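Q: When you get a sec, could you give me coordinates for this:
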Amino acid sequence: MTRKIEAKPQGAVESRSFFQEAWTRFRRHPLARLGGGVLLVLYLGALFADFLAPYPETKSFRDLTFSPPTVIHWRDDNGRLTRPYICAVERKRNLETFKLEFVQDCSQKYVINFFVQGEPYKFLGFIPANLRLMGGDWLQNEQAYLFLWGSDDFGRDLWGRIWYGARVSLTVGIFATALALLIGVFMGSLSGFFAGKPLTLSVGLLNPAYRKFLASSPLPNLLKTLAWLALWGGLAWLIWVTVSGFLATSRGLEAAVFGVVGIGLLIAIGYAILFPVVKIDLDTVIMRATEVLAAIPDLFLLITLSVLIPQGIPPAMRFYLVICILSFVNWGGLARVMRGQILQLREMEYAQAAQAMGASDARVIARHILPGTFTFLIVNVTLAIPGFILAESGLSFIGLGIQDPASSWGLLLNKAQAQGITAFVDRPWMLIPGLFIFAAILCFNFMGDGLRDALDPRAKR
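A: Numbering: from 1, shown residues only. Below you'll find the model as predicted:
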């Protein structure tokens, strides 16, 4: 039995989904593809930093500070190609210029081997491994070393430190963007969906007997309000005195923060007790909060919040705190844009139909409104990540972000700035981390532009 194959009508076009069309348009964007490829290399390098680096992250050579890049030889004494090797190096001071110089002694040669076993490390933080890209006898010799891009002020390999620092600089952008996206989408959705719809909250702390007492009390409402506010204000003042006195000898700024928060909470509780039914306009509250954040310069706010990070905490904890600070400062802009989109999408027929059928507000937002913002969110993520990378690099550059012995591109660039004009003249390899920051941000912008053009629903097919 033969199967009959129906021929397609002449001139028929194969139907493709929106994302298939978007992928086709993205592939036609050469700069976007270039940016995506470079970013893939950077993230793979950060993932396999222990494999690429010949030395551990914190290993230093005190006698090899600011060592220039090691010369790798590919030819023997007769000029024939051979396996790559390095020569022994002796550190001497030039008696004419009084500068330290590194003189090669090629009577002692050390071959560079690839894919060898070196010092152990944990891949992904928990998988034991010891395979490294480069190794050889020079690892155990004090007269030979391999610094592909020179060393820093502690004699640490800059090549390995850059890849170790990529883990912080690149992942800070992703995690901070994800947290800011979560806060911004949540706040923007509430603000847009409930715009013009004040919420009425009934405080459950008030039992009917207490409400009846408030209603039958001969005191005017104004006096009752002032009395209760005075009571809660007095309790807040006691907490303020206690906390500030306890922390006065250590960090007075925390005392001020705790005092302000305590006063605010107690006043809110007092207001809730005085007024059993509270009307809250979420749109007004959230938008005013974003305006306050927008009114404060980002750099000033970042520096102020970074000062609150205690000194001496573990690098991992500082990393998470930096992420939280960056997210807190930058969620406002996303919330305002989301509010505008939600205001438009909530008036669509399908959203109105879902509400008419009795769907809850949470279901309408999550199932019917938010999916309409996915293309915008994808583009926003790719354009927001470079901003967070630059912000973290700026904090680390001025000494308020990641601290030694951890590494980040901004911290490495700070080492070059600390040397002044010398870094440009005598130690140009110290500026290499700046090139990585420039490349990562540029590639993210290229890819973001390509995604914006590809995911534009108004683009021609």
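
Q: Check which helices and strands the helix or strand hosting residue 293 is in contact with.
A: Element membership for residue 293 (DSSP states H and E) is helix 282-295. Contact partners of helix 282-295 among helices and strands, from 3 or more CB pairs under 8 Å, 6 or more residues apart in numbering; DSSP states H and E: helix 158-193, helix 315-345. Just so you know, the C-beta spots here come from the backbone N, C-alpha and C atoms, and that holds for glycine as well.

Q: now that helix, how far from the chain's geometric center?
A: 23 Å (CA atoms, centre = their mean, to the nearest Å).

Q: and residue 350, how many neighbours?
A: A count of neighbours around residue 350, defined by other CB atoms under 10 Å, yields 12.

Q: show me where pLDDT drops low in the protein?
A: 1-16, 18, 97-98, 199-279, 305-312, 315-316, 418-423, 456-461 (pLDDT under 70).

Q: care to break it down by domain?
A: With domains defined by automatic domain parsing, the chain comprises 16-47+157-198+282-461, 61-155, 203-280.

Q: Just the CA trace of stretch 434-449, in CSV.
A: Output in CSV follows, covering the C-alpha atoms of stretch 434-449 (Å, rounded to 0.1, in the frame of the first residue of the first chain):
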residue,chain,number,x,y,z
GLY,A,434,39.9,47.3,32.3
LEU,A,435,39.9,45.8,28.8
PHE,A,436,37.9,42.9,30.1
ILE,A,437,35.4,45.2,31.6
PHE,A,438,35.1,47.2,28.4
ALA,A,439,34.7,44.0,26.3
ALA,A,440,32.1,42.4,28.6
ILE,A,441,29.9,45.6,28.7
LEU,A,442,30.2,46.2,24.9
CYS,A,443,29.3,42.6,24.1
PHE,A,444,26.3,42.7,26.4
ASN,A,445,25.1,45.9,24.7
PHE,A,446,25.6,44.3,21.2
MET,A,447,23.6,41.2,22.3
GLY,A,448,20.9,43.4,23.9
ASP,A,449,20.5,45.4,20.7
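
Q: buried residues in it?
A: With burial defined by 16 or more other CB atoms under 10 Å, the residues of stretch 434-449 counted as buried are 434, 436, 437, 440, 441, 443, 444, 445, 446, 447, 448, 449.

Q: Show me the beta-bridge partners of the nearest residue to residue 99 once chain neighbours are set aside.
A: The shortest distance from residue 99 to any non-neighbouring residue, by CB to CB, 6 or more residues apart in numbering, is to residue 93 (7.1 Å). Under DSSP bridges, the beta-bridge partners of residue 93 are residue 100.

Q: Any idea how many residues pack against residue 93?
A: Using other CB under 10 Å, residue 93 has 10 other residues around it.

Q: ok, the closest residue to residue 332 other than its chain neighbours - contacts?
A: Distances taken as CB to CB, 6+ apart place residue 290 nearest to residue 332, at 3.6 Å, with adjacent residues excluded. Listed by CB atoms under 8 Å, 6 or more residues apart in numbering, the contact set of residue 290 reads 187, 332, 333, 335, 336.

Q: mind listing the strands for this protein?
A: Ranges of strands in the chain, per DSSP state E, are 73-75, 81-93, 100-111, 113-123, 127-135, 199-202, 277-280.

Q: how about those strands, which one is nearest residue 45?
A: Closest approach to residue 45 among the strands of the chain is made by strand 127-135 (10.9 Å; CB to CB).

Q: Name the strands paired with that closest one and say parallel or antiparallel.
A: Strand 127-135 is paired, per DSSP bridges, with strand 113-123 (antiparallel).

Q: Could you list the buried residues of the strand it pairs with?
A: For strand 113-123, burial by neighbour count (16+ other CB under 10 Å) applies to 113, 118, 121.

Q: Pull the distance from that strand to the chain's centre.
A: Relative to its parent chain, strand 113-123 has a centroid offset of 29 Å by CA atoms, centre = their mean.

Q: residues in contact with it?
A: With contacts defined as CB under 8 Å, 6+ apart, strand 113-123 is touched by 50-51, 54-56, 128-136, 139.

Q: Any quick PyMOL command for the buried ones out of those residues?
A: Here is the PyMOL command that selects only those of these that count as buried (16+ other CB under 10 Å):
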select buried, resi 50+51+54+55+56+132+133+134+135+136+139
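
Q: and of the contacts of strand 113-123, the nearest to residue 42?
A: Nearest to residue 42 out of the contacts of strand 113-123 is residue 51 (CB to CB; 14.9 Å).

Q: In contact with the closest one, which residues are there?
A: Neighbouring residues of residue 51 by CB under 8 Å, 6+ apart: 123, 129, 131, 132, 133.

Q: how close does the second one get to residue 57?
A: Noted for residue 129: a distance of 15 Å to residue 57, by CB to CB, to the nearest Å.

Q: now swap in the third one and tell me
A: When CB to CB is the yardstick, residue 131 and residue 57 sit 17 Å from each other.

Q: coming back round to it: ranking the domains of the chain by burial, who's on top?
A: With neighbours taken as mean count of other CB atoms under 10 Å, those reach their highest mean count in domain 16-47+157-198+282-461, at a mean of 18.

Q: any idea how far that one is from the chain center?
A: Put simply, domain 16-47+157-198+282-461 sits 7 Å off its chain's centre (CA atoms, centre = their mean).
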